[in-house]
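A.B. asks: what follows is a predicted protein model with its sequence.
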Amino acid sequence: MIAPVREPLPGPKILPGFGAPPVKLSLSPARNGHGMPKDDRMKETRSGKSADRPVVVWFRDDLRIADHPALHHAAEQGAPIIALYVHDEKTEGIRAKGAAQKWFLHHCLSALAAKLDAIGGRLDILTGASEAVLKRVAGATGARAVYWLRRTEAAERELDRKLKTALRAAGIEAGSFNGNLLHEPARLLTQSGGPYRVYTPFWRAFCNTGGPRLPLPAPKRLTAGEALKDTVALADLGLLPARPDWARGWDALWPVGEDGAARMLSRFLDGGLQGYAEGRDLPAKDHVSRLSPYLRFGAISPYQVWHAARHALTAGMAGEGDAGKFLQELGWREFCHHLLFHHPDLASRNFQEKFDRFAWRDDAAADLECWRRGRTGYPIVDAGMRELWRTGYMHNRVRMIAASFLIKHLRIDWREGETWFWDTLVDGDPASNPASWQWVAGSGADAAPYFRIFNPILQGEKFDPHGAYIRRHLPELAELPDRHLHRPWEAPKEVLAGAGVALGQNYPRPIVDHARARARALAAFKAIGDATGTADG
DNA sequence: TTTTGAGTTGTTCGA
DNA sequence: GTCGAACAACTCAAA
């Protein structure tokens, strides 16, 4: 069980605006489907023997050495390797990482550097606009090739496309590999040739593709290329919070890098997977994998996770139902990336256009702040928001409850919630975060029906029946008996006094009444449903 | 082409 | 207390 960090945290770290304007992109042509670059031709335009010229491996959201097709391919060639990370805050349209993500990123980079060191390599860090940096490095070192793993975000793909063109024009091989996704979003399509919009058919189609390849081994030995000029120390990137250090204690929650990911994985397979199908809904229990931030930064690959779970199943460590449910969660990660790939403005724009008419409240700043701080008066919501604030993580079931509350009870635009999660979650993911928020809002593909409005009281009673999760994160309510814990405002005065709860003082009264909020939400959703309706009430 | 069945995670109300 | 139906209509995927 992971103990919470009791450190109170400071105000908002960053509140970026909603995403940059969508970038128009041309889809790259079909690839060969084997994770290999589609153009492997060697180009000899520089002097010197090809084998002496270094290969640049550009690390991005794939901070590992095992099961890394780009590194693997480079290492097989025996050339000196320049392992490069570019801290890019310059390229336009690339979404700035949230504060909690930066903390996680820092530690992944640190761990990757150590991993590379141990096999004779070296991680170099540079800052600047990626395209310019890569071109400069490739030119200065006389690199023969640059390899990387593909990403999903539109601006990043556009960057990669431009870089690829520029490198090839300069006679340098440019190879992109698939290593972060189990499927190729451009290739897994419906029979009519379009992208999937519904999860179940997507998953069925994926399962019919024959299953993911086996993970690649980490290289045993590398030769590091010559040191680069102008490299930056990791500590100087400013990824860690300084004063106050709101992440104090997080290293106990999140063991770093690939080794940390492996520990999390085996902890989960040993203890959490058995009973996952039911246990994953109980936030007080430890039946979730907590692999999301590691997958987000590529400290572990989905191939490694997939095969580990399959192995646990065949070894009898888990039942078909439990393992299947867990694999499906990997499937949801794939589906979210599928959606982002085909809908680049997923984070900024309603997937269903009719939601552009939804009557979000624009005078709700105070309620939004209550939600962020975990002061809504609904214990399960507040416990989740405090868990997020203190640990950089929130249990999946509680994410849905908290998100539903913001959208439906407070009628605050889902993009406000998405932005907050992006900044505060260590696993803030460019695909999963917006896709999930749209799913809850009902504006997404394959969305929840409009009438599915979580009752925060019932959800608490159902999934945290003894309040262990609430007590953990809301110590001010810890002494309340179970039957009043999920609705303290209904508790008799003497019970509240006996538990040391002073409503309105050390714990807030509900900021909205559930029944009324539900009725208003239903009306607002109904209003956008009318084809001719104008949702101006 | 047309048709058909289905769609992650809920709640409330009345019998 | 338990159970089933109602809660919109629509769009997607596949037959």
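C.D. replies: In hand now; what should we look at?
A.B. asks: please count neighbours and contacts with C-alpha atoms only from this point.
C.D. replies: Will do.
A.B. asks: for the helix or strand hosting A:L116, buried residues please.
C.D. replies: Here A:L116, judged by DSSP states H and E, is contained in helix A:99-118. Residues of helix A:99-118 classed as buried by neighbour count (16 or more other Cα atoms under 10 Å): A:99-113, A:115-116.
A.B. asks: which residues touch A:K325?
C.D. replies: Applying Cα atoms under 8 Å, 6 or more residues apart in numbering to A:K325 gives the contacts A:276-277.
A.B. asks: picking that back up, residues in contact with whichever helix or strand comes after the helix holding A:L116?
C.D. replies: Downstream of helix A:99-118, the first helix or strand assigned by DSSP H and E is strand A:123-127. Applying Cα under 8 Å, 6+ apart, the contact partners of strand A:123-127 are A:82-89, A:112-113, A:116-117, A:133, A:227-228, A:230-234.
A.B. asks: okay, angle between strand A:123-127 and helix A:99-118 too, please.
C.D. replies: Strand A:123-127 runs at 140 degrees relative to helix A:99-118, counting by axes from the mean of the first three to the mean of the last three Cα atoms, to 10 degrees.
A.B. asks: tell me the mean pLDDT for the helix or strand that strand A:123-127 is followed by?
C.D. replies: Next along the chain after strand A:123-127, taking DSSP H and E as the criterion, comes helix A:130-141. The average pLDDT within helix A:130-141 is 96.
A.B. asks: for helix A:130-141, the distance to its chain's centre please.
C.D. replies: Centroid separation for helix A:130-141 versus its chain: 29 Å, with Cα atoms, centre = their mean, to the nearest Å.
A.B. asks: ditto for stretch A:376-394
C.D. replies: Here stretch A:376-394 is found 18 Å from its chain centre; the criterion is Cα atoms, centre = their mean.
A.B. asks: hey, C-alpha coordinates of it in PDB?
C.D. replies: Output of stretch A:376-394 as PDB, limited to C-alpha atoms (Å, rounded to 0.1, in the frame of the first residue of the first chain):
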ATOM      1  CA  THR A 376     -16.600  20.500  -2.800                       C
ATOM      2  CA  GLY A 377     -18.100  19.000   0.300                       C
ATOM      3  CA  TYR A 378     -18.500  15.600  -1.300                       C
ATOM      4  CA  PRO A 379     -15.900  13.300   0.400                       C
ATOM      5  CA  ILE A 380     -15.200  10.900  -2.500                       C
ATOM      6  CA  VAL A 381     -14.600  13.800  -4.900                       C
ATOM      7  CA  ASP A 382     -12.500  15.700  -2.400                       C
ATOM      8  CA  ALA A 383     -10.400  12.600  -1.400                       C
ATOM      9  CA  GLY A 384      -9.600  12.100  -5.100                       C
ATOM     10  CA  MET A 385      -8.600  15.700  -5.700                       C
ATOM     11  CA  ARG A 386      -6.400  15.700  -2.600                       C
ATOM     12  CA  GLU A 387      -4.800  12.400  -3.600                       C
ATOM     13  CA  LEU A 388      -4.000  14.000  -7.000                       C
ATOM     14  CA  TRP A 389      -2.600  17.100  -5.400                       C
ATOM     15  CA  ARG A 390      -0.400  15.300  -2.900                       C
ATOM     16  CA  THR A 391       0.700  12.300  -4.900                       C
ATOM     17  CA  GLY A 392       0.500  13.200  -8.600                       C
ATOM     18  CA  TYR A 393      -1.900  10.400  -9.100                       C
ATOM     19  CA  MET A 394      -5.600   9.600  -8.700                       C
END
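A.B. asks: OK, contacts around whichever residue of the stretch 401-537 of chain A sits closest to DNA strand C?
C.D. replies: The stretch 401-537 of chain A approaches DNA strand C most closely through A:P449 (3.9 Å), counting by Cα to the nearest atom of the strand. A:P449 is in contact with A:G442, counting by Cα under 8 Å, 6+ apart.
A.B. asks: do the same with A:A113
C.D. replies: Per Cα under 8 Å, 6+ apart, neighbours of A:A113: A:122-123.
A.B. asks: any idea how far A:Y294 is from it?
C.D. replies: Per Cα to Cα, to the nearest Å, A:A113 is found 16 Å from A:Y294.
A.B. asks: host element of A:S176?
C.D. replies: strand A:173-177.
A.B. asks: so what strands line up beside that strand?
C.D. replies: Strands flanking strand A:173-177 in the sheet, each with its direction: strand A:145-149 (parallel) (DSSP bridges).
A.B. asks: what's the following helix or strand after the strand it pairs with?
C.D. replies: Per DSSP H and E, the first helix or strand lying C-terminal to strand A:145-149 is helix A:154-169.
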